[in-house]
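Participant: Return atomic coordinates for the entry below.
(chains A and B)
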2 protein chains.
Amino acid sequence: MERLRKAIMTEGKYLGRGILKVDSFINHQIDPALMVEIGQELARRFMPLKPTKVLTAEVSGIAPAIATAMVLGVPLIFARKTRPITMPAEVYHTQAPSHTKGSIVDLMVSPEVLGPDERVLIIDDFLARGLTLQALAELVRLSGSTLCGFGVIIEKSFEDGRSLLSGFGVPVESLAVITSLSDDGIECE
Amino acid sequence: MERLRKAIMTEGKYLGRGILKVDSFINHQIDPALMVEIGQELARRFMPLKPTKVLTAEVSGIAPAIATAMVLGVPLIFARKTRPITMPAEVYHTQAPSHTKGSIVDLMVSPEVLGPDERVLIIDDFLARGLTLQALAELVRLSGSTLCGFGVIIEKSFEDGRSLLSGFGVPVESLAVITSLSDDGIECE
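Facilitator: Residues are numbered from 1 along each chain as shown, chains lettered A, B, ... in the order given. Prediction:
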């Protein structure tokens, strides 16, 4: 994923407090060719595990999740943070802190779209502390389905979310790893 | 789009108050093969107008917008409803009422991703009263860019949003038209 690494190094901006801004190609604005490549690569890595559904959290996870789901040919579910009136009263529900919103967010999935017999691949844009991904895995557990793995576009290895996720005993894949983020610059592998 | 029409007729559910639930294939859960077809068809209809950016509103517009942007090969911008800390203080800002959330939502786009020299195609999941699409067009106007057209997956013709949008003098395209929605059933063209 040299194209991804290059985009991070040239267009990514460090905003302080560990926050990497990638609004020009992943969040807010999406580079479709890059997102297709991201989906192809995430799908390639997880295809042997035969996922039957992809799960992500709205909003920023939707693009990489749909790009991955298109290649895998399986449905994509995005967990809702606010309850639309189309959602039933009984849902799988969990919570996670949002680093970029500065608050606790709800994550809800309807049992209408996630039953107990699926093999679920969780996809998101970032792996930082891993708390959103952990919450998504909790939704999989509540549904009774099997978790296949975690796939993200960008991992901030210095926040060590990987350790948290290792407890699930499934593969954790990231397409770019930020090893250092400071006013001196971005280091990306 | 026979596949779309079939999905609406077999999986769509009327919830009352004019609300059509399509959570099993467009919102909440997305059928990726159907979404690819939707993107191909919307791109085909607007390609002659040479859009340089696709604009939508988070959350439910992202899937059709990215599917369309992938085919057109142009960047996709999703207007934010809440301000992430990565967004600058000065943004293009407008508001629209949300029928499914029952409240007024903000719509914000950063001038960093939408300058004055673009040809913008607006994509969303539904055309009902047209108020979200109108608000997105206002963001285009604020940016100084040119509006190319409006493309949606499903139009509810009895809510007459098309009349509102006709004032913009650009094409309005929908892939399925719901002409009647009641406890007696869904009529879809």
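Participant: use CA for all of it now, contacts and neighbours both
Facilitator: Fine.
Participant: what about the strands in chain A?
Facilitator: A:13-14, A:20-21, A:29-30, A:53-57, A:76-79, A:92-98, A:103-109, A:119-127, A:146-156, A:172-182, A:185-188 (DSSP state E).
Participant: Around the closest residue to A:Leu107 other than its chain neighbours, how many other residues sit close by?
Facilitator: Spatially, and ignoring its direct neighbours in sequence, A:Leu107 is nearest to A:Lys81 (4.9 Å; CA to CA, 6 or more residues apart in numbering or on different chains). A count of nearby residues for A:Lys81, using other CA atoms under 10 Å in any protein chain shown, gives 18.
Participant: Tell me how far A:Lys81 lies from B:Glu112.
Facilitator: 26 Å (CA to CA, to the nearest Å).
Participant: what's the answer for A:Gly102, then?
Facilitator: The value you get for A:Gly102 to B:Glu112, if CA to CA is used, is 23 Å.
Participant: ok, A:Arg17 - how many residues close by?
Facilitator: Applying other CA under 10 Å, I find that A:Arg17 has 9 neighbouring residues.
Participant: what do you get for A:Ala33?
Facilitator: A:Ala33: 16 neighbours (other CA under 10 Å).
Participant: Model confidence for it, exactly?
Facilitator: Predicted confidence (pLDDT) for A:Ala33: 97.
Participant: if I look at it, how far off is A:Asp184?
Facilitator: Distance of A:Ala33 to A:Asp184, computed by CA to CA: 30 Å.
Participant: where does chain A have low pLDDT?
Facilitator: For chain A, applying pLDDT under 70 flags the ranges A:100-101.
Participant: center of chain A, which residue is that?
Facilitator: Nearest to the mean C-alpha position of chain A, counting by CA atoms, centre = their mean, stands A:Asp124 at 0.9 Å.
Participant: how much space between it and A:Val74?
Facilitator: Distance from A:Asp124 to A:Val74, by CA to CA: 16 Å.
Participant: what sits against the nearest residue to A:Arg141 once chain neighbours are set aside?
Facilitator: With sequence-adjacent residues excluded and distances taken as CA to CA, 6+ apart, A:Arg141 is closest to A:Leu147, at 7.8 Å. By CA atoms under 8 Å, 6 or more residues apart in numbering or on different chains, the contact set of A:Leu147 is A:Arg119, A:Val120, A:Leu121, A:Ile122, A:Ala137, A:Val140, A:Arg141, A:Val170.
Participant: Columns neighbour count and distance to B:Ala176 on top of these, output as TSV?
Facilitator: Shown next, in TSV, are those (neighbours: other CA atoms under 10 Å in any protein chain shown; distance: CA to CA, whole Å):
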residue	neighbour count	distance to B:Ala176
A:Arg119	18	32
A:Val120	24	31
A:Leu121	30	31
A:Ile122	28	31
A:Ala137	26	35
A:Val140	24	33
A:Arg141	14	37
A:Val170	13	41
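Participant: Closest one of those residues to B:Leu107?
Facilitator: A:Ile122 (28.0 Å; CA to CA).
Participant: Thank you, goodbye.
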